[in-house]
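> coords please:
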Amino acid sequence: MGTMILLVLLAGTVLWLIGAFNRLIALKGQVANGWKQIDVQLKRRHDLIPNLVDTVRGALTFERETLEAVVQARTRAVNAQGVPAVAQAENMLTQALGKLFALQEAYPELKAVANIAELQEELASTENRIAFSRQHYNDVATSFNVAQAQFPTNLVAGLAKASPAALWEIVDEAERSVPKVDLDLR
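Residues are numbered from 1 along each chain as shown. As a prediction, the model looks like this:
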């Protein structure tokens, strides 16, 4: 009878170990997939930017600094590696694009160029996709990190070669600030 109880406990422990190991491996795969989804959207963004710059360049030959800033920020973003570096480079690219889009307000002739409006819409759509991909990535990375830290799963984390996944964080304090909205119609 004692041997039977011991075998049942041993079998239960082995099954639990297998389940915990497989859960960590599945979460690790979801983290990798989440990162790849961000990567796909960032590539889409990076591919749209040269078209936007070329279109705007024809209309704004005298705003060379702004265009060069966008091109340089894009190059840094394309070459960045790892979650923190990519996040920082992408934030810089977002700021450079913001300055480029602000030019549209300052120069009415840009509003007349249909390609610019279309490219802006494509980039806005892509920005939304990137935001959703980042949220998904952070959700699965957090689940993965929590599972690794919880007892007794943390005992299996080494066997699954699990290490904490970096979260996509806001590194630019300007992004944290609340935008001011003035609804005064005076």
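> Please count neighbours and contacts with C-alpha atoms only from this point.
OK.
> So for the residue nearest the centre of the chain, what's the nearest residue that isn't a sequence neighbour?
Taking CA atoms, centre = their mean, the centroid of the chain lies closest to residue 134, which sits 3.8 Å from it. Of all residues beyond its chain neighbours, the one nearest residue 134 is residue 38 (6.3 Å), with distances taken as CA to CA, 6 or more residues apart in numbering.
> mind listing what that neighbour touches?
For residue 38, the contact set (CA atoms under 8 Å, 6 or more residues apart in numbering) comprises 130, 133, 134, 137.
> mind listing the strands for the protein?
With DSSP state E, there are no strands along the chain.
> one step back: hmm, the residue nearest to the centre of the chain is touching residue 169, no?
No - the pair residue 134 / residue 169 is not scored as a contact, 9.3 Å apart, by CA atoms under 8 Å.
> Pipe the contacts of residue 38 into a markdown table and attach distance to residue 75 and pLDDT per row.
Output for the contacts of residue 38, formatted as a markdown table (distance: CA to CA, whole Å; pLDDT from 0 to 100):
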| residue | distance to residue 75 | pLDDT |
| --- | --- | --- |
| 130 | 18 | 91 |
| 133 | 21 | 93 |
| 134 | 21 | 92 |
| 137 | 23 | 94 |
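> Scan the residues you listed and report the most crowded one.
residue 137 (25 neighbours; other CA atoms under 10 Å).
> Next, the contact list for that one, please.
31, 34, 35, 38, 167, 168.
> residues contacting the first one?
For residue 31, the contact set (CA under 8 Å, 6+ apart) comprises 137, 140, 141, 144, 165.
> ok, now the fifth one?
Contacts for residue 167 were tallied using CA under 8 Å, 6+ apart; they are 83, 84, 137, 138, 141, 142.
> Could you export those as TSV, including distance to residue 6?
Shown next, in TSV, are the contacts of residue 167 (distance: CA to CA, whole Å):
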residue	distance to residue 6
83	46
84	48
137	42
138	41
141	37
142	36
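> taking these as a set, which two sit the farthest apart in space?
Pairwise distances among these were taken by CA to CA; the largest, 15.4 Å, belongs to 84 and 142.
> residues near residue 120, how many?
Residue 120, neighbours per other CA under 10 Å, totals 17.
> so what's it scoring on pLDDT?
Looking at residue 120, its pLDDT stands at 81.
> in the protein, which ranges drop under the pLDDT threshold?
By pLDDT under 70, the low-scoring segments of the chain are 58-62, 108-114, 170-186.
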